[in-house]
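Student: Provide a 3D model corresponding to the input given below.
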Amino acid sequence: MSQHEVVLLLGSNLGDRKKNLEQALEKIKSKGNEILKISEFLTSEPIEFVSSNIFCNIASIIRTHLSPIQFLDFVKSIENEMGRISDSKVSGSYSDRIIDIDIVSYDNLNFVSERLEIPHKKHLFEREFSRVLLKDFIYKT
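Tutor: All right, here's what the predicted structure looks like:
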């Protein structure tokens with residue numbers, strides 16, 4: 001069974017934000033995925049929507065045997081299990097959320113489908129907090 005390295009960005013702006021991020025990582029790990037690296041926590045303002053709730057974010061490198069779509073389904077199930085109500089890809093807009101898990105890269109794969117685009121261009125090129133979190137991850141994995 002081949003192993004793949006996946007770079008994730010996780011964010012939360014509701015409830016105990018750090019605990020939400022730690023719980024999501026534990027859920028990822030509990031299904032046989034290996035956590036190779038975790039960044040420091042970083043706070044950021046909401047992007048592309050207005051809220052008084054500040055985000056707490058982390059980046060992580062995961063080793064998995066799941067395919068990109070299988071891994072997407074897996075992290076979406078964690079979001080749902082933790083109480084995330086709406087998905088911005090489905091609703092077309094952003095809102096406060098207990099957990100958000102984005103796949104930034106998967107090995108060196110370029111992949112585009114209706115549900116998933118790898119690499120995640122907004123996180124790599126447009127969002128400052130992402131660049132800060134990912135600076136040691138993308139080019140040094």
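
Student: quick one: strands adjacent to the strand or helix carrying Thr43?
Tutor: Element membership for Thr43 (DSSP states H and E) is strand 42-44. Applying DSSP bridges to the sheet, strand 42-44 is found paired with strand 55-64 (antiparallel).

Student: and Lys121, how many neighbours does it have?
Tutor: Under the neighbour criterion other Cβ atoms under 10 Å, Lys121 is assigned a count of 10. (Glycine included, C-beta is placed from N, CA and C.)

Student: next structured bit after the helix or strand bottoming out on mean pLDDT in the chain?
Tutor: The weakest-scoring helix or strand in the chain, judged by mean pLDDT, DSSP states H and E, is helix 88-91 (a mean of 52). Once the chain leaves helix 88-91, the next helix or strand it forms, by DSSP H and E, is strand 100-106.

Student: average pLDDT across that next one?
Tutor: Here the mean pLDDT over strand 100-106 is 94, rounded to a whole number.

Student: helices and strands around it, which ones?
Tutor: strand 4-12, helix 68-81, strand 117-118 (3 or more Cβ pairs under 8 Å, 6 or more residues apart in numbering; DSSP states H and E).

Student: who does the next helix or strand after that strand pair up with?
Tutor: Counting by DSSP H and E, the next helix or strand C-terminal to strand 100-106 is strand 111-112. Here strand 111-112 is paired, per DSSP bridges, with strand 117-118 (antiparallel).

Student: wait, what's in contact with the residue nearest to Ala24 when sequence neighbours are not counted?
Tutor: Distances taken as Cβ to Cβ, 6 or more residues apart in numbering put Ile99 closest to Ala24, at 5.2 Å, once the chain neighbours are dropped. Neighbouring residues of Ile99 by Cβ atoms under 8 Å, 6 or more residues apart in numbering: Leu10, Gly11, Ser12, Asn20, Leu21, Gln23, Ala24, Ile78, Glu79, Met82, Gly83, Arg84.

Student: the fifth one belongs to a helix?
Tutor: The one in question is Leu21. Yes - counting by DSSP: H, G, I helix; E, B strand; the rest coil, Leu21 is found in a helix.
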